[in-house]
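In: Predicted structure and sequence below. I'll ask about it afterward.
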Amino acid sequence: MSLLQLYPNQADSRLVGIARLASQAEHVDSGHQVEFFSLPVRSILNRCDSHRNLPFTWTINPYRGCEFACKYCYARYTHEFMEIRDPNEFEHKIFVKDEAAWLLRRDLKKVRRGEEIAIGTATDPYQPAERRHGVTRSILEEFARHSGLEIGIVTKSNLVLRDIDVLQRVAEQNTIGVHVTVTTVNIDLARITEPRAPRPDLRLEAVRKLNEAGIRAGVICAPVLPDITDKPRDLEALVKAAAEAGATNIFANPLFLKPCSRSVFLPFIEQKFPDLVPRYQQLYGERDFGSQVYRKHLSALMAKFKKKYGIGAPGPRGPIREYAPPKLAEQLTLF
């Protein structure tokens with residue numbers, strides 16, 4: 001079955017680019033109300049053309065769509081490029097990119113020394129689909145054949161531990177770091193906001209085990225949800241837990257609310273936190289970002305807690321490098 005059969009109204013010769021490729025994608029698997037499609041793509045390595053001062057030059061997303069179904073996810077818009085307009089389909093229709101390792105081998109010659117490659121900027125590379133399809137591991141296996149690369153991985157899954165062996169091989173000749181997203185240590189709250197993601201304690205344990213294995217791993221606390229996950233005691237608990245897990249660094253940024261995420265997130269607030277509806281209307285209105293005052297407040301809190309628990313402090317090999325500057329964290333924390 002192809003997407004043209006699923007969406008007959010889109011069987012239009014005017015479809016171009018990724019939309020045309022998606023329309024030809026073949027159904028390969030199903031489970032948990034999720035459908036998987038094999039997606040033929042022309043490249044797995046994509047140059048980041050954003051006008052924002054991003055800390056990476058190249059991006060790799062082994063999948064399109066993400067099963068974790070995080071209520072705040074702003075990457076839902078990426079399905080729109082395939083003419084799939086319902087934002088909820090982002091978590092129900094997952095596209096598995098074909099021949100990723102071969103495409104990467106072909107295209108790595110484009111990467112110049114010092115240009116960073118970010119894996120997982122639009123979908124989690126270790127979402128459940130990875131257990132079935134192994135695209136992320138195949139990409140890492142290819143990186144292990146090369147040297148002099150700078151690579152960062154963003155994930156919300158402890159499945160990354162499966163690949164410690166290949167991560168170590170990549171690290172022998174390249175610079176690589178893993179950024180594990182943890183928005184709260186409250187398991188019940190995480191289950192509401194990030195329904196299908198691994199528990200936060202499992203993610204923090206992954207940070208610990210990665211660092212013990214010699215793979216530099218830190219924590220991304222983003223997005224911070226105003227009046228839900230931003231209480232000082234809650235942020236301090238997270239920073240403390242990250243420190244106890246040996247995180248090389250931790251940074252935070254508030255909610256980034258694109259139009260595609262508003263249609264999912266704001267109804268979620270109305271249902272689960274109805275008293276906060278006026279607060280979010282005040283903070284965001286028609287804006288994608290919260291106020292600068294709030295951002296400065298959050299930054300000051302995190303700086304205080306990082307200093308208290310010694311995260312990011314200089315170590316025996318010098319200062320810990322942050323793979324993503326704090327002011328740009330929302331560009332990486334999509335899940």
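Out: Good, I have the coordinates. Numbers count the residues shown, from 1 in each chain.

In: Distance-wise, check Leu301 relative to Ala241.
Out: Applying CB to CB, to the nearest Å, the value for Leu301 to Ala241 is 16 Å. Every C-beta, even on glycine, is put in place using the N, C-alpha and C of the backbone.

In: what does Ile151 give?
Out: 26 Å.

In: can you check Tyr63 too?
Out: 28 Å.

In: give me the low-pLDDT residue ranges for the stretch 1-150 of the chain?
Out: 1-32, 49-55, 79, 81-82 (pLDDT under 70).

In: Strands along that one, start to end?
Out: 26-31, 34-39, 46-47, 58-60, 63-64, 93-97, 116-119, 150-155 (DSSP state E, counting those that start in this stretch).

In: got these as TSV, with distance to Pro232 and mean neighbour count columns?
Out: Putting the strands of the stretch 1-150 of the chain into TSV (distance: least, CB to CB, whole Å; neighbours: other CB atoms under 10 Å) gives the following:
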stretch	distance to Pro232	mean neighbour count
strand 26-31	40	13
strand 34-39	37	20
strand 46-47	39	14
strand 58-60	34	23
strand 63-64	36	25
strand 93-97	37	24
strand 116-119	31	24
strand 150-155	26	24
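
In: Make TSV out of these and add distance to Ala206.
Out: Converted to TSV, those look like this (distance: least, CB to CB, whole Å):
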stretch	distance to Ala206
strand 26-31	23
strand 34-39	23
strand 46-47	26
strand 58-60	20
strand 63-64	19
strand 93-97	22
strand 116-119	15
strand 150-155	8
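
In: Have a look at the protein and report its longest helix.
Out: helix 292-309 (DSSP state H).

In: Let's test this: mean pLDDT of that helix, rounded?
Out: Helix 292-309 shows a mean pLDDT of 95.

In: Name the residues that touch that helix?
Out: Helix 292-309 is contacted from outside by 221, 224, 226, 230, 232, 235-236, 239-240, 242-243, 250-254, 283, 289, 312, 326, using CB atoms under 8 Å, 6 or more residues apart in numbering.

In: let's go with 7 Å and repeat that
Out: Under the criterion CB atoms under 7 Å, 6 or more residues apart in numbering, residues 224, 226, 230, 232, 235-236, 239-240, 243, 250-252, 254, 283, 312, 326 lie in contact with helix 292-309.

In: Tell me the buried residues in it?
Out: 294-295, 298-299, 301-302, 305-306, 309 (16 or more other CB atoms under 10 Å).

In: cool, and stretch 219-231?
Out: 219-226, 228-230.

In: Give me the lowest-pLDDT entry from these.
Out: Ala222 (92).

In: so that residue, which of the three states?
Out: strand (DSSP: H, G, I helix; E, B strand; the rest coil).

In: Nearest residue to Tyr280 in space, please, no chain neighbours.
Out: Once flanking residues are discounted, Tyr280 sits nearest to Ile269: 5.8 Å by CB to CB, 6 or more residues apart in numbering.

In: what does the model give the one you found for pLDDT?
Out: 97.

In: how many other residues sit next to it?
Out: 20 (other CB atoms under 10 Å).

In: gap between the two ends of stretch 210-220?
Out: End-to-end distance of stretch 210-220: 15 Å, with CA to CA, to the nearest Å as the criterion.

In: tell me which residues in it are buried?
Out: Taking 16+ other CB under 10 Å as the criterion, stretch 210-220 shows 210-211, 215-220 as buried.

In: How about the secondary structure of Ile176?
Out: strand.

In: Quick check: bridge partners of it?
Out: Ile151 (DSSP bridges).

In: residues contacting it?
Out: 151, 167, 170, 215.

In: let's see it at 8 Å
Out: 143, 149-153, 167, 170, 215-216 are the contacts of Ile176 under CB under 8 Å, 6+ apart.

In: Mind putting those residues into a markdown table with distance to Thr78?
Out: Output for those, formatted as a markdown table (distance: CB to CB, whole Å):
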| residue | distance to Thr78 |
| --- | --- |
| Phe143 | 23 |
| Leu149 | 25 |
| Glu150 | 24 |
| Ile151 | 21 |
| Gly152 | 19 |
| Ile153 | 18 |
| Leu167 | 26 |
| Val170 | 26 |
| Ile215 | 28 |
| Arg216 | 28 |
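
In: Name the nearest of these relative to Pro195.
Out: Ile153 (22.4 Å; CB to CB).

In: So for the closest one, what's the pLDDT?
Out: Reported pLDDT for Ile153: 97.

In: just the contacts of Ile176 now: which is nearest Arg132?
Out: Distances from Arg132 to the contacts of Ile176, taken by CB to CB, are shortest for Ile153, at 19.2 Å.
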